[in-house]
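1. The following block contains a protein sequence and its predicted model.
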Amino acid sequence: MTLQLLAATFEDNSLGMNGSRTDDGSVLSLLFDRLMVESAAADADPKAEVRRAEGVVQCAGSGWVSVQLRGATALAGSHGFAHAMGWANGRRLRASGASEGDPFSISVAAPVAEDGVLRLSLLLLAQRGLADATSAAVCWIDSIDIIVLETQQRAAGAGK
């Protein structure tokens with residue numbers, strides 16, 4: 001059976017997620033309006049800010065997918081940090097930026113087992129530099145693309 005991507009859901013409904021998929025279920029694109037974390041000078045508490053997002057992609061069949069995260073980080077001042085980390089069925093994704101407006105695009109290949117479930121776990125961290133009163137840090141993910149990878153058998157058949 002060919003792997004098909006059916007639908008995605010996240011525990012947190014406040015992420016502003018919209019999704020679309022190809023008719024054959026080979027590509028699923030998720031767009032987010034509010035998957036971000038910010039540590040600003042105006043914050044009453046200078047602790048690091050954290051945002052967690054847990055999602056599930058329902059699939060038909062088993063196989064491998066490519067999971068691609070896109071977003072950006074922005075830092076103002078020194079000694080701050082902004083990072084995005086994620087896992088797709090246990091396979092790790094990690095991104096960070098070192099200067100203002102650094103975009104990132106990271107990907108990983110992940111297996112989808114017979115249960116037809118792809119689990120996505122995302123963690124965004126931001127901490128402004130505490131020694132600088134005007135510092136700020138922000139990290140956001142604006143999209144996730146999930147693409148079914150061709151198997152060796154299908155690739156070999158295509159060359160005939």
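-> That came through fine.
2. Going by C-alpha atoms from here, please, whenever you check contacts or count neighbours.
-> Noted.
3. And the helices in this structure, which stretches?
-> Applying DSSP state H to the chain gives helices spanning 152-158.
4. Quick one: find the helix or strand in the protein with the lowest mean pLDDT.
-> Ranked by mean pLDDT, DSSP states H and E, the weakest helix or strand in the chain is helix 152-158, scoring a mean of 47.
5. could you list every residue that touches the spatially most central residue of the chain?
-> The residue at the geometric middle of the chain, judged as the C-alpha nearest the mean C-alpha position with Cα atoms, centre = their mean, is Leu69 (4.2 Å). By Cα atoms under 8 Å, 6 or more residues apart in numbering, the residues touching Leu69 are 104-107, 141-145.
6. can you pull out the strands in the protein?
-> In the chain, the strands defined using DSSP state E lie at 4-10, 17-21, 27-32, 36-39, 49-60, 63-76, 81-88, 91-96, 102-112, 117-127, 136-148.
7. pLDDT (mean, whole number) over the fourth one?
-> Spelled out, that is strand 36-39. For strand 36-39, the per-residue pLDDT values average out at 96.
8. which neighbours does it have in its sheet, and in what orientation?
-> strand 136-148 (antiparallel) (DSSP bridges).
9. now the strand it pairs with and strand 102-112, what's the angle there?
-> What separates the directions of strand 136-148 and strand 102-112 is an angle of 40 degrees, with axes from the mean of the first three to the mean of the last three Cα atoms, to 10 degrees.
10. in strand 136-148, what counts as buried?
-> When burial is assessed from 16 or more other Cα atoms under 10 Å, strand 136-148 yields the following buried residues: 136-148.
11. Then stretch 22-33?
-> 25-32.
12. how about these in a markdown table, adding pLDDT and distance to Gly63?
-> Converted to a markdown table, the buried residues of stretch 22-33 look like this (pLDDT from 0 to 100; distance: Cα to Cα, whole Å):
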| residue | pLDDT | distance to Gly63 |
| --- | --- | --- |
| Gly25 | 96 | 13 |
| Ser26 | 96 | 11 |
| Val27 | 97 | 14 |
| Leu28 | 98 | 15 |
| Ser29 | 98 | 18 |
| Leu30 | 98 | 20 |
| Leu31 | 98 | 24 |
| Phe32 | 98 | 26 |
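13. now Asn13: how far from Ala110?
-> Counting by Cα to Cα, to the nearest Å, the separation of Asn13 from Ala110 is 25 Å.
14. Which one of those two is surrounded by more residues?
-> In terms of neighbours (other Cα atoms under 10 Å), Ala110 is the more surrounded of Asn13 and Ala110; the figures are 22 against 9.
15. Okay then, goodbye and thanks.
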